[in-house]
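Enquirer: Turn this into a model:
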Amino acid sequence: MRTRITKWGNSLAVRLPKKAADRIGFKEGTEVSIDHDGAIFFLRRAPHPLERTRKQDWKQYVIPSNKPKEAVSRDIDSVVYGASR
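Expert: I've put the predicted structure just below:
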């Protein structure tokens with residue numbers, strides 16, 4: 001499938017042919033992320049913002065199970081205990 005790069009305001013745009021968009025389930029308003037490896041670009045459906053944030057939050061913390069609540073840092077405290085800052 002071939003298409004052209006066109007100007008859209010101050011940006012450049014690539015139009016997805018309907019057949020390609022239907023095949024991968026993209027509709028108007030679908031949020032996507034664009035990555036590249038050299039001259040090859042990858043267009044992927046973007047993860048839901050809340051889902052992405054929760055996964056990032058839990059990956060960056062090690063939850064101490066043997067420490068009292070007061071010894072836990074503020075950041076972990078807010079994630080684990082829901083405490084306000």
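
Enquirer: okay, CA-based contacts and neighbour counts for the rest of this
Expert: Will do.

Enquirer: Who does Leu43 form a beta bridge with?
Expert: Ile34 (DSSP bridges).

Enquirer: didn't it look like it was pressed against Glu31?
Expert: No: checked against C-alpha atoms under 8 Å, the pair Leu43 and Glu31 is beyond contact range at 10.1 Å.

Enquirer: Doesn't Lys19 lie inside a helix?
Expert: Yes: secondary structure assignment (DSSP: H, G, I helix; E, B strand; the rest coil) places Lys19 inside a helix.

Enquirer: what number of residues lie near it?
Expert: 10 (other C-alpha atoms under 10 Å).

Enquirer: go on, Asp22?
Expert: 11.

Enquirer: got it, and Ser11?
Expert: Counted with other C-alpha under 10 Å, Ser11 comes out at 7.

Enquirer: how near is it to Thr3?
Expert: Per C-alpha to C-alpha, to the nearest Å, Ser11 is found 17 Å from Thr3.
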